[in-house]
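Peer 1: coordinates for the following, if possible.
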Amino acid sequence: MLSDRESDRYSRQLLLSNISEAGQESLVRSKVVIVGCGATGTNLANALCRAGVGHLKLIDRDFVELNNLQRQILFDENDIERPKAVAAMEKLRAINSDISIESEVCDFNAENAEPLVKGAKLILDGTDNMSTRFVINDIAVKLGIPWIYSGAVGTYGMTMTILPDEANPCFRCFLPQQPRPGALQTCDTSGVLNTVPQMITSYAGTEALKFLTGNPLQGGRLVICDIWEADFRVVRIAKRTDCVCCKENNFEFLTVEKCNLCTSLCGRNAVQVRPA
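Peer 2: Numbers count the residues shown, from 1 in each chain. Presented below is the predicted three-dimensional model:
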């Protein structure tokens, strides 16, 4: 049962028939892991914190830079050179002191993925690289935890809800192999309009709230939106009968052999090197 303080704080959500008191109680009991505290990650964390998700875990290896302030909404000039996960946690605690928020300043990889997502009801993608997304997909399918992919570059964004079950496709049904370095656009090469992360995470965040409040979701829908052109599309992704991950249960991105020892850091003229 919600406390008087919670009923007051979330009063406008409680009026929504889609959520109501039962849904809000479910949010308060939920734990969500957000991998990455960049543009998409900070927008998602902000929305879920204000909505009353009871336990948020923020994971990021990077530090705040001046160019981040254009689009990463939880940071200001005083946060420059501070760990993103820590700075974001402090901002969120000031927004909602009634929920539990923790930060992990680390790389999300094959070696630590399982303990980092333990107990989570949902995983949200706030990352800036495909290699980490393949790790997220493997651990989510292995443990049966739903996750939501979000990406933003240029003037468009994409999102897809992955429900790890027999009927729905996983991320590798959509993208079977990891793209070679330089094959995809990045914020470094193509820039990013600061309204794009807000737009695409509004959709992804809504999917998260629907799931956490017990409302049904549809898997296999890749949502693409170019906000500059006002072009909104939904692409149906079929479950591959030969998918290495969700059909064969071969979680190769959770093996040391598939770990990326060198990773370019988006927004920084730097490369992270992890020892073998």
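Peer 1: list the contacts for Ala45?
Peer 2: Taking CB atoms under 8 Å, 6 or more residues apart in numbering, we find Ala45 in contact with Ile34, Cys37, Leu56, Leu58, Leu74, Ala88, Leu92, Gly126. All C-beta spots, glycine's among them, are computed from the backbone N, C-alpha and C.
Peer 1: that one: what secondary structure?
Peer 2: The three-state assignment at Ala45 reads helix, by DSSP: H, G, I helix; E, B strand; the rest coil.
Peer 1: same question for Glu102.
Peer 2: Per three-state DSSP, Glu102 ends up strand.
Peer 1: for the closest residue to Gly219 other than its chain neighbours, which residues are in contact?
Peer 2: Counting by CB to CB, 6 or more residues apart in numbering, the nearest residue to Gly219 once its immediate chain neighbours are dropped is Asn168, at 3.2 Å. Contacts of Asn168 were listed using CB under 8 Å, 6+ apart, and they are Ile162, Gly219, Gly220, Lys239.
Peer 1: in a helix, Val235, correct?
Peer 2: No - looking at Val235 with three-state DSSP, it is strand, so not inside a helix.
Peer 1: out of the contacts of Ala45, which sit inside strands?
Peer 2: Judged by DSSP state E, the contacts of Ala45 include Ile34, Leu56, Leu58 as members of strands.
Peer 1: which of those residues count as buried?
Peer 2: Ile34, Leu56, Leu58 (16 or more other CB atoms under 10 Å).
Peer 1: with respect to Pro181, which of the contacts of Asn168 is nearest?
Peer 2: Distances from those to Pro181 were compared by CB to CB; the smallest belongs to Ile162, at 23.8 Å.
Peer 1: how many neighbours does that closest one have?
Peer 2: Number of residues near Ile162 (other CB atoms under 10 Å) recorded here: 27.
Peer 1: what's near enough to touch the residue nearest the centre of the chain?
Peer 2: Centre of the chain computed as the mean C-alpha position; nearest residue by CA atoms, centre = their mean is Asp125, 2.1 Å away. Neighbour list for Asp125: Val35, Gly36, Thr40, Arg133, Ile136, Trp147, Ile148, Tyr149, Ser150, Gly151 [criterion: CB under 8 Å, 6+ apart].
Peer 1: now render the residues you listed as a markdown table, adding secondary structure.
Peer 2: A markdown table is the format used below for those (three-state DSSP):
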| residue | secondary structure |
| --- | --- |
| Val35 | strand |
| Gly36 | coil |
| Thr40 | helix |
| Arg133 | helix |
| Ile136 | helix |
| Trp147 | strand |
| Ile148 | strand |
| Tyr149 | strand |
| Ser150 | strand |
| Gly151 | strand |
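Peer 1: which of these are buried?
Peer 2: Buried by 16+ other CB under 10 Å: Val35, Gly36, Thr40, Arg133, Ile136, Trp147, Ile148, Tyr149, Ser150, Gly151, out of these.
Peer 1: what pLDDT does the model give the closest residue to Ser20 other than its chain neighbours?
Peer 2: Distances taken as CB to CB, 6+ apart place Leu14 nearest to Ser20, at 6.3 Å, with adjacent residues excluded. Predicted confidence (pLDDT) for Leu14: 97.
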